[in-house]
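*Asks:* Return a 3D structure for these sequence lines:
(one chain, ligands or ions: 3)
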Amino acid sequence: MNTLHSIAQLRAALARARQENKRISLVPTMGNLHDGHIALVEKARQRTDYVVVSIFVNPLQFGANEDLDSYPRTLAEDQRRLLDAGADLVFAPNVSEMYPEGMNGHTLISVPVVSEGLCGASRPGHFDGVSTVVSKLLNIVQPDLAIFGEKDFQQLAVIRKMSQDLCLPVQIMGEPIVRADDGLALSSRNGYLNEEQRRSAPYLYQTLLHIEQQLGSGRRDFAAVIDEARVALVEAGFRPDYLDLRDAETLQPATGETQDIVILAAVYLGTTRLIDNLRLNLA
Ligand SMILES: Nc1ncnc2c1ncn2[C@@H]1O[C@H](COP(=O)(O)OP(=O)(O)OP(=O)(O)O)[C@@H](O)[C@H]1O
Ligand SMILES: CC(C)(CO)[C@@H](O)C(=O)[O-]
Ligand code: BAL
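*Replies:* Ligands and ions are numbered 1, 2, ... in the order given. Model (predicted):
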């Protein structure tokens, strides 16, 4: 397994794989890999012959007051995990390789509607940064398949729409959330939590399960169900950013008619922002 830092080297390596008629997949990440990332790599290995994992902490998707500088960068450990997981190639460019003329004035990909609201409202410009870097990575690697986690539910919806609207010749696949034994969705940012916060954190998923149970038992007063859950989160020490019921396909607010629902949440625990979601069918 090679780690390459330049686009030119990567393209040369991929040309060789293509000559051998290999089907290529891409798993885009920001590194600090955990079992959630490894599940994506394993799916990529099952589906394709040649797995590329990108590791790039993309400054374009971070807001001015966010954790770009403190985001964990653990390339050596990530390489060990990817070797064990059977990845073929790691692409770990630095910022100047991806943005040689800087980020000011760089072309932006902006996906309307689906990137507005939720994380898009709390993190202005975030999804333009994600869409832009993902489209660059897809153009650089030109994979047959690209795999993303459903933990970043809105991100996956944004990437699917971008890919469809721009006729990108790639299959976009989403993979289920991998959780710790206590239910907390794995995330690099869990590493920011102190011991006490880490003990409280699974309550977020328990809250989603409770909402699912309420809806499953027939409640349709969505606003009240959400308000009760929000109060419970606050009482448990969380600061909710959003907690919402959406149509899982369109991400528009769920109505009494919506069957395919996703409960979407972003909360702060101390200064750490956690996201999670749960999809359910009310048919
Ligand atoms: N627990 C998880 N289960 C499945 N996929 C995941 C999980 N966590 C992250 N992913 C996916 O891995 C890919 C890379 O995500 P990223 O490197 O940002 O990891 P992360 O742990 O979500 O980090 P962050 O804390 O920044 O959200 C994304 O497609 C993301 O949805
Ligand atoms: C898709 C991604 C790698 C783009 O930087 C990032 O948003 C992430 O890790 O989910
Ligand atoms: N996991 C999505 C990347 C981000 O939060 O910036």
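
*Asks:* ok, Lys234 to ligand 2 distance?
*Replies:* One thing to correct before we go on: residue 234 is Val, not Lys. Going from Val234 to ligand 2 by C-beta to the nearest ligand atom, to the nearest Å gives 27 Å. In short, each C-beta sits where N, CA and C put it, glycine included.

*Asks:* Could you do Ile140 as well?
*Replies:* Taking C-beta to the nearest ligand atom, one finds Ile140 at 13 Å from ligand 2.

*Asks:* and the nearest residue to that residue once chain neighbours are set aside, what is it in contact with?
*Replies:* Sequence neighbours aside, Ile7 is the residue nearest to Ile140 in space, at 5.4 Å (criterion: C-beta to C-beta, 6 or more residues apart in numbering). By C-beta atoms under 8 Å, 6 or more residues apart in numbering, Ile7 lies in contact with 93, 97, 140.

*Asks:* Write out the residues of the stretch 1-150 of the chain neighbouring ligand 3.
*Replies:* 30, 61 (C-beta under 6 Å from any ligand atom).

*Asks:* Walking through the stretch 1-150 of the chain, point out its helices one by one.
*Replies:* 7-19, 35-47, 75-85, 95-98, 119-122, 126-141 (DSSP state H, counting those that start in this stretch).

*Asks:* ranking those helices by burial, who's on top?
*Replies:* Sort the helices of the stretch 1-150 of the chain by mean neighbour count, taking mean count of other C-beta atoms under 10 Å, and helix 126-141 sits at the top with a mean of 21.

*Asks:* How about the backbone phi and psi for the nearest residue to Phe148 once chain neighbours are set aside?
*Replies:* Nearest in space to Phe148, with sequence neighbours left out and distances taken as C-beta to C-beta, 6+ apart, is Leu156 at 5.0 Å. With angles defined as degrees, to the nearest 10, Leu156 sits at phi -60, psi -40.

*Asks:* Got the confidence number for Leu156?
*Replies:* Leu156 is assigned 98 on the pLDDT scale.

*Asks:* Share the number of residues neighbouring it, please.
*Replies:* 19 (other C-beta atoms under 10 Å).

*Asks:* Next, find the distance separating it from Val262.
*Replies:* Counting by C-beta to C-beta, to the nearest Å, the gap from Leu156 to Val262 is 11 Å.

*Asks:* before we move on, what about Gly102?
*Replies:* Noted for Gly102: a distance of 37 Å to Val262, by C-beta to C-beta.

*Asks:* Show me which of those two is the more surrounded one.
*Replies:* Val262 (22 against 9).

*Asks:* partner residues bridging the more buried one?
*Replies:* Note on Val262: beta-bridge partners Arg246, Arg279, judged by DSSP bridges.

*Asks:* Pull the number of nearby residues for Glu101.
*Replies:* Glu101: 8 neighbours (other C-beta under 10 Å).
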